[in-house]
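**Q** Structure for the following, please:
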Amino acid sequence: MCCGTHLNSLAQLQVIKLLHTESKRGHTLLYFVCGDRVLNTLHSALEVQYKLNVLLSSPPELFAPMVEKLSKDNRTARKNAEKLSEELASLHAASLIQSTERVLTIQRPAPDAEYSLALQRDLRDTCEKRLLLLTMGEQGGAQFVFRGPVDVVDKLGKGLSQKLGGKGGGRDGRFQGKFSDMALVEGAVQYLRDNYE
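**A** Next up, the predicted model:
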């Protein structure tokens, strides 16, 4: 059954632009625009082209290679940042291991998965006898990771989460969650010190 718009004359189309085709279920779908939509599509394309001209400082024919280069540079920068995070975590872990404190604490300005995993990896043996509280983020949006002996984390995890005014969960010596008020961290650390002998 045809549900399309019927024209009295092809002249009513004014102009038609074939865009692309797509194979689907053994058929070929043809995408096109016509009439005023051709002009609207051209107008939108020229607006995007102008913005890209400004952002990339290059003519349209160089957009594709410029974006490919930026994407490659971004991947390289991300890998380098991940390596630096891991190296920094290892340095911090070495410093914490030398500490005489039974409750180890460290605060990072933003959530960083690579840093967190590397720090926990390097402190795995240390956390069999001592506690680690890692907080990451800023006021209004932060995360915490609590590591230590399994029985101690099971006992203190929920209380720690409440002290931070946050929510979380965990198992096997690891408790993590989210909270928003950084001012509560000091009280949470004291809670761990008071309850871990």
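
**Q** ok, Ala89 - contacts?
**A** By CB atoms under 8 Å, 6 or more residues apart in numbering, Ala89 lies in contact with 114-116, 118-119, 122. C-beta here means a position set from N, CA and C on the backbone, and glycine is covered the same way.

**Q** Asn53 now?
**A** Counting by CB under 8 Å, 6+ apart, Asn53 touches 59-60.

**Q** and it, that one's in a strand?
**A** No - using DSSP: H, G, I helix; E, B strand; the rest coil, the assignment for Asn53 is helix, not a strand.

**Q** For it, report the pLDDT, please.
**A** pLDDT for Asn53: 93.

**Q** in the sheet, who's paired with Lys17?
**A** Note on Lys17: beta-bridge partners Val33, judged by DSSP bridges.

**Q** Let me know whether it touches Val33 as I believe.
**A** Yes - using CB atoms under 8 Å, Lys17 is in contact with Val33, at 5.3 Å.

**Q** hey, what's in contact with both of these two?
**A** Applying CB under 8 Å, 6+ apart, one finds that Lys17 and Val33 are jointly contacted by Thr41.

**Q** So which of the two has more stuff around it?
**A** Of the pair Lys17 and Val33, Val33 is the one with more neighbours under other CB atoms under 10 Å, namely 16 against 13.

**Q** tell me the secondary structure for the residue nearest to Leu134 when sequence neighbours are not counted?
**A** Leaving aside its sequence neighbours, Leu134 sits nearest to Val145 (CB to CB, 6 or more residues apart in numbering; 4.4 Å). Under three-state DSSP, the three-state class of Val145 is strand.

**Q** just the strands in the chain please.
**A** 16-24, 27-34, 103-108, 131-138, 141-147, 167-171, 174-179 (DSSP state E).

**Q** would you turn those into JSON lines with distance to Leu192 and mean pLDDT?
**A** JSON lines is the format used below for the strands of the chain (distance: least, CB to CB, whole Å; pLDDT from 0 to 100):
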{"stretch": "strand 16-24", "distance to Leu192": "58", "mean pLDDT": "91"}
{"stretch": "strand 27-34", "distance to Leu192": "61", "mean pLDDT": "90"}
{"stretch": "strand 103-108", "distance to Leu192": "5", "mean pLDDT": "95"}
{"stretch": "strand 131-138", "distance to Leu192": "6", "mean pLDDT": "95"}
{"stretch": "strand 141-147", "distance to Leu192": "8", "mean pLDDT": "95"}
{"stretch": "strand 167-171", "distance to Leu192": "14", "mean pLDDT": "93"}
{"stretch": "strand 174-179", "distance to Leu192": "11", "mean pLDDT": "96"}
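
**Q** out of these, nearest to Leu42?
**A** strand 16-24 (8.4 Å; CB to CB).
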